[in-house]
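**Q** Provide a 3D model corresponding to the input given below.
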Amino acid sequence: MEISISSRHTDITPGLEKVVRAKIGQLDRYLDDLDTAEVHFDEARNPRIVDRETCEVTLTGHGHRLRCKVNAPDAFTAVDLAEAKLERQIRKLRTKLQNRHRGRGDTIRTGAAPGSHTAADAVDGDGSADEADDEPELRIVKTKRFHLGPLTPAEAALKMDLMGHGFFFFINSTTGRSAVVYRRDDGAVGLIDEAG
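**A** Residues are numbered from 1 along each chain as shown. Next up, the predicted model:
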């Protein structure tokens, strides 16, 4: 897997680079065909923020894109947290893909017939059983329907705050298209507008 490392407001030491290449580089053992990993570090300038280091990782390959963003007191802890988070995401994806392919008689990782798992399939590198195979697939458990009225993004953001939600879907009165306002990790509000 090809790994690119970048940073903003912080320096990448040789030790940190070595840890990134070791920890993020080994994630392709859970899913074949992960081609690239983009790792980006950023440090908050505000000294009152406890978890000042941000590590953002994007993995791509095999038509999939996995992303995580974590905050920690230092860059090394952030890499550990990102590795754990991405490992869970990969296991969920792998389980979903295996369930999809079981009817065809092969698994994603080995290409072997179902039931003929290797030791690598049954046990992780730390010796623990792969619990992701027991995780249920994501499913929709609740559906809401509501009238979409035209609003400005500022009005939609206000409604989102009043309802206590993390996002709000609406018709942008400026463009006449579907749009979403959402609460960002930094506390600001983002806008996703339908392209036209």
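**Q** wouldn't residue 82 be in contact with residue 58 here?
**A** No - with contact defined as Cβ atoms under 8 Å, residue 82 does not reach residue 58; the gap is 10.5 Å. For glycine as for every other residue, the C-beta is placed from the backbone atoms N, C-alpha and C.
**Q** more neighbours, those two?
**A** More crowded of residue 82 and residue 58, by other Cβ atoms under 10 Å: residue 82, with 23 against 16.
**Q** What strand or helix carries that one?
**A** helix 75-101 (DSSP states H and E).
**Q** Quick one: list the elements packing against that helix.
**A** On a contact count with 3 or more Cβ pairs under 8 Å, 6 or more residues apart in numbering; DSSP states H and E, helix 75-101 meets helix 14-25, strand 36-43, strand 53-61, strand 64-72.
**Q** where does this protein dip in pLDDT?
**A** 101-137 (pLDDT under 70).
**Q** Can you pull up the most central residue in it?
**A** Geometric centre of the chain, nearest residue: residue 67, 3.2 Å, by Cα atoms, centre = their mean.
**Q** That one - nearest residue in space that isn't next to it in sequence?
**A** Closest residue in space to residue 67, ignoring its immediate chain neighbours: residue 58 at 4.7 Å, by Cβ to Cβ, 6 or more residues apart in numbering.
**Q** And that neighbour, how far from residue 66?
**A** 7 Å (Cβ to Cβ, to the nearest Å).
**Q** wait, what's in contact with residue 3?
**A** Neighbour list for residue 3: 20, 21, 24, 25, 36, 37, 38, 39 [criterion: Cβ atoms under 8 Å, 6 or more residues apart in numbering].
**Q** What of residue 89?
**A** 66, 68.
**Q** Break this structure down into its structural domains.
**A** Recorded structural domains for the chain (assignment: automatic domain parsing) are 2-134, 150-193.
**Q** Return the distance of the longest one from the chain's centre.
**A** Spelled out, that is domain 2-134. 9 Å (Cα atoms, centre = their mean, to the nearest Å).
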